[in-house]
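*Asks:* The following comprises the amino acid sequence and a computationally predicted model.
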Amino acid sequence: MKKDEIYDALLEPIAVMALERDGAILSKSAALLQEKMGFWWTGFYLVEDRLGDWKGLDTGVAPEQVKDEEIQPGKGPWMMLGPSVGPPACERIRFGRGVCGTAWAEKRTVVVPDVDEFPGHIACSSETRSEIVVPVFKDGEVAGVLDIDSREPANFDSVDAGWLERICALVSSALA
């Protein structure tokens with residue numbers, strides 16, 4: 001089966017979950033993508049909009065180092081790991097850092113054919129060779145991202161980007 005055909009077959013069940021306002025749409029979508037596409041890791045990172053949620057956690061940045069302009073509703077400065085399938089992953093990602101943080105900051109899909117060539121790549125697994133990150137928008141702002149890793153180099157292209165953007169538009173209904 002071609003990649004387009006697999007993605008097309010995934011749209012209907014995800015669209016049905018979105019219509020039902022199924023609260024588990026993120027975890028179910030990640031699981032469907034992982035199973036049907038055979039990715040290495042599939043998951044969502046969700047934007048945290050209050051610095052206070054991070055007090056006492058080891059974020060690598062002291063609260064006094066975070067600039068006031070970084071603390072805005074829907075702008076983080078962090079994303080937290082949401083529903084995911086695959087090996088353990090990074091729990092928090094800072095605005096503008098790594099592939100996920102870049103997709104968030106630039107409000108666009110980022111396709112990385114070789115993660116070793118991406119400046120500032122955050123390596124959650126040494127087995128990841130390529131990655132795609134697609135923003136999930138809510139009310140015009142990035143509310144989270146869909147992050148997918150592959151053990152194969154250059155595994156993602158514009159076909160993946162187009163279909164995954166459609167899927168992210170569907171799952172956005174689950175985000176507050």
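*Replies:* Sure, I can see it.
*Asks:* going forward, measure contacts between C-alpha atoms and count neighbours the same way
*Replies:* Will do.
*Asks:* List the residues that contact I25.
*Replies:* For I25, the contact set (C-alpha atoms under 8 Å, 6 or more residues apart in numbering) comprises I14, M17, A18, V171, A174.
*Asks:* Which two of those have the greatest separation?
*Replies:* Greatest spatial distance in the contacts of I25: I14 and A174, 11.3 Å, computed using C-alpha to C-alpha.
*Asks:* ok, back up a step: most surrounded residue in the contacts of I25?
*Replies:* Highest neighbour count within the contacts of I25, by other C-alpha atoms under 10 Å: V171, with 26 neighbours.
*Asks:* Can you verify that one is assigned to a strand?
*Replies:* No: per DSSP: H, G, I helix; E, B strand; the rest coil, V171 lies outside any strand segment and is helix.
*Asks:* how about it, what does it touch?
*Replies:* V171 sits next to I14, A18, I25, L26, S29, V136 when contact means C-alpha under 8 Å, 6+ apart.
*Asks:* now with 7 Å?
*Replies:* Contacts here follow C-alpha atoms under 7 Å, 6 or more residues apart in numbering; on that basis V171 touches A18, I25, L26.
*Asks:* looking at it, the first one is touching L175, isn't it?
*Replies:* Pointing back at A18 there. No: the pair A18 / L175 is not scored as a contact, 10.7 Å apart, by C-alpha atoms under 7 Å.
*Asks:* Turn the contacts of V171 into a markdown table, columns for pLDDT, distance to I6 and secondary structure.
*Replies:* As requested, these are exported to a markdown table (pLDDT from 0 to 100; distance: C-alpha to C-alpha, whole Å; DSSP: H, G, I helix; E, B strand; the rest coil):
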| residue | pLDDT | distance to I6 | secondary structure |
| --- | --- | --- | --- |
| A18 | 85 | 19 | helix |
| I25 | 90 | 18 | helix |
| L26 | 92 | 18 | helix |
